[in-house]
Structure formats: C-alpha cells, structure tokens
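Chemist: Coordinates only, no sequence provided:
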C-alpha cells in the first residue's frame, strides 16, 4: 500500500485511449474465447439423442460422455493461470484455439464412444483455459475507465456462443430433413454440428495474432519498452508511461500470492467467507441451469415435441438467455447484487415449479397434454430469463469482489472449482433422474432455487459500491 501511494501518478484512472475502436477490437478478439466457451459447452445439445442411438448406450453412460468435458474444464481452469504467467496471455489463447480445433475435428469423426469422450475432455480443457484467460487479459489491457464495460464482453460472448450453437444445430437439422443421423457432407448431421466449431476456433487463433500481449506480462518478463508501446496504444498518449510502468511494477511486487493454506480457519475447515463463495457457486449450478443448455432438445423430445421444433425451442431459450444477461449488465450496479439475486431466485422458483407441475402429467400418445406442454415451454423460458438476469452474472461479479485482497485469488479458485464440480454433478445425474421421474427432478431444482433465497439473505454481504480494499 505504501509503495503505491508514493509512486508518481500516471493519470491512467481518467485516461481515454486515442482510438477507442481499436481497444474494443482487442477486447472483442480476446472474448472470442468466451464465444467458444459458450459454443462448445452447448453444441452437444444437438447430438445427445443421435449419440445415444448410434452407440446404443443407456442414460448413465450417455451422461458421462456429456459431463466428462467438465473434468477437462476444471483442469484447464486450474492450470491456465500458471501457463499464462509462464508463456504469456497470447500464447495461452493460441493453445486454447488449437485445442478447440482438434476437439472439433475429433468429435466430428469419432470411431468409438470412448474416443468421443476423449475429444470432449480436450475441448473441456480449452473451455477451462478460455474461461480464465479471457477475463484476465481484458482486465489487464482495458483502460481503467472502461474496464467494467469491456470486461462484460466475456459474459456477452458466452451467451452469444450458446445462441449461435443452437441456431447452427437447428439449421443443420433442417438441412438433414429433421433427422439427427441424416447424411450431410458425407457425415451424420450430429457429427457436422460438432465439427462446425472448427470455424470459430480457427478465427480465435487468427485473431490472437492481431492483438498485443498484456503489458502486465511484458513488464513481468522485463520487456518494458514493448509494454510502454502497448500502454500508449490502449490508454492514450496523455498517460505518463514511465509512471504507469512503475505503478504496475509496484502493484506486482506488493501483491500477496494467496495460497490454499490462507483459506483455512474457522470451525469448518475453510474461513466462513470461503464457504459463502462455495455456496454461491453450488446454488448457481444446482438449480439445473445447464440442463437447459446441454439437454433441452432431449427434454422436449422426451415429452413428445418434434425434433426440429425441440431444436428451435433450444434456440429461443438461448435468445432469452442473452436478453436476461443484458438486463443484468444494466442493473447489477444500479439495483445491487443481493436484490438482483433474490429477484432471480423468486422467478426461478416460479418457472421450475411450473415445469415440475407440467411434467407430472402422463403423456398422451407420447406427448404432454396441450395445456401442460405450453406451460412447460413458457416456464422453461421464464426460468432461463430469471437465471440470466440474476445468478448468471451476479455470482461471477460477487466472486470477483467479495473476498479480502490477501485471499482473493485462492478463494476464487476454490469457488470456481466448486462450480465445475456442481455443474458436473447436475450434468451427469440428469438423464438417469429424468428416466426415473422428470417431475421430481424439477422439484429438486425448485427446492434449491427456494433455498438460495434464505442463503443470500443470511450469509451474503452486498458488495455494490464498495472498493476491493473495503472487503478486508
């Protein structure tokens, strides 16, 4: 604290870049990793039933193939920071782009189920890397006055990636006359769906050559002159570049490298604030949000919806996800984190409870009764809307703010790991639970949404308007 207070003022806090469009391009190019994160996470939605049919597997084995990518995600997220510190942010992006490309090609032409599972792990590793490196790079390159808005590019890119994957799936299914195993370009339609990701993956790799390395990384490896050039490029020529470099160097030297040991304490292994972070992560996943993105086509087909229509509803749900995310970005700093989370939880309870009620009815000729079918469809969109305008954004904002400086990095790592594990638990269990009782499955998700309300009221502290230093 003392060293940074005595450092000369650089003027970076109020600086405006000479070419804002160029800075926006840099942030958007880095956010392509977020687009691939969303695209690769949800593109599998279009292939689930075809994989089940082609390899003649039950729900439990199918779920493991779908969920195994999340193991790769966890490993990729855990190692990305160290890789980026060692070889640079841009090289890390290029590795992720190569892995996305390899995964897309391998997933499109698997020769066995275990082979497909392996390529999904490779893609998952790339997702994990992209989930860490994108936000970190944007935060390091963005001028302080624009950091919040440019940082939101990552979340926007993720939800757009989800939507585009569902639109592509729907278009390819139509081209294959509504048959997921219909022939397209010499492959089955579902294989083309998984292979199309080659296009954005290659684009991500090419864009990584068009953007500069992070000044923070360059300073850490002694390349001060190149760092000055990039700082002038992204923050403007009015900034005192020598003072700015000294600021960054001072901040890096005074940083406390938090470790797992720093999180221990209290009566239940971790410090209480760490448990709150873990709780937020677990509740975010246990409401079943990823069922909507990994299995929605399968879900609608299981209650009698035509495959082409089921793919279209998956696309409309992802559009609602974008709308909700935009609403959250507008209101998270105005309304506050806690009120938005509680509003979202109430809306999710309503949507999930209506879905549970609708799915409790017996199928007639393989379909839900008309009234229940429409209510289930509307309720699914309500659920996704309220999740997106609250927990989808608020949890990530709060996890970045709520921990004291000295444990922030390590605590965020534990909370993120808890999120991937919870995501895996829901993704791996849904097909078997749905086979057992779809309505009760949604009752379970409703219960978690309801429990999240007292959890937020009792344990979560509002972080709106507070500096990171005020968190302890």
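Modeler: Alright, I've got the coordinates. Bear in mind that the values here come from a model prediction, so they are computed numbers and not experimental data. Numbering: from 1, shown residues only.

Chemist: Sketch out the low-pLDDT regions of this protein for me.
Modeler: When residues are selected by pLDDT under 70, those of the chain lie in 1-18, 148, 254-260, 266-267, 405, 409, 465-472.

Chemist: what's the longest helix in it?
Modeler: Determined from DSSP state H, the single longest helix within the chain is helix 408-459.

Chemist: what's that helix packed up against?
Modeler: helix 59-67, helix 69-87, helix 272-286, helix 289-294, helix 296-302, helix 337-359, helix 391-401 (3 or more CB pairs under 8 Å, 6 or more residues apart in numbering; DSSP states H and E). Glycine gets a C-beta too; all of them are placed from N, C-alpha and C.

Chemist: Mind putting the ones you listed into a markdown table with mean neighbour count?
Modeler: Listed next are these as a markdown table, based on neighbours: other CB atoms under 10 Å:
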| stretch | mean neighbour count |
| --- | --- |
| helix 59-67 | 19 |
| helix 69-87 | 20 |
| helix 272-286 | 21 |
| helix 289-294 | 23 |
| helix 296-302 | 23 |
| helix 337-359 | 22 |
| helix 391-401 | 22 |
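
Chemist: mind giving me JSON lines with these and columns for distance to residue 442?
Modeler: Formatted as JSON lines, the helices and strands packed on helix 408-459 follow (distance: least, CB to CB, whole Å):
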{"stretch": "helix 59-67", "distance to residue 442": "16"}
{"stretch": "helix 69-87", "distance to residue 442": "21"}
{"stretch": "helix 272-286", "distance to residue 442": "12"}
{"stretch": "helix 289-294", "distance to residue 442": "9"}
{"stretch": "helix 296-302", "distance to residue 442": "10"}
{"stretch": "helix 337-359", "distance to residue 442": "4"}
{"stretch": "helix 391-401", "distance to residue 442": "17"}
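
Chemist: Of all these, which one is nearest residue 29?
Modeler: In this view, the helices and strands packed on helix 408-459 are compared for proximity to residue 29 by CB to CB, and helix 69-87 is the closest at 16.0 Å.

Chemist: Just tell me which of the helices and strands packed on helix 408-459 ends up closest to residue 202.
Modeler: Evaluated over the helices and strands packed on helix 408-459, closeness to residue 202 peaks at helix 69-87, with 19.2 Å, by CB to CB.

Chemist: That closest one: how far from the chain's middle?
Modeler: Its chain's average C-alpha position is 14 Å from that of helix 69-87, according to CA atoms, centre = their mean, to the nearest Å.

Chemist: And for it, what's in contact with it?
Modeler: For helix 69-87, the external contacting residues (CB atoms under 8 Å, 6 or more residues apart in numbering) are 40-41, 44, 91-92, 95-96, 120-133, 136, 217, 220, 413, 416-417, 420-421, 423-424, 427.

Chemist: Among these, which lie within helices?
Modeler: 40-41, 91-92, 95-96, 120-133, 136, 217, 220, 413, 416-417, 420-421, 423-424, 427.

Chemist: Tell me how far the closest residue to residue 417 other than its chain neighbours lies from residue 429.
Modeler: What sits nearest to residue 417 in space, not counting adjacent residues and going by CB to CB, 6 or more residues apart in numbering, is residue 74, at 6.2 Å. Applying CB to CB, to the nearest Å, the value for residue 74 to residue 429 is 17 Å.

Chemist: that's a helix at residue 212, yeah?
Modeler: No: assigned with DSSP: H, G, I helix; E, B strand; the rest coil, residue 212 falls outside any helix and is coil.

Chemist: What's the local residue count around the closest residue to it other than its chain neighbours?
Modeler: In space, not counting the residues next to it along the chain, residue 212 is nearest to residue 230; the distance is 4.6 Å by CB to CB, 6+ apart. Each residue near residue 230 was counted by other CB atoms under 10 Å, and the total is 19.
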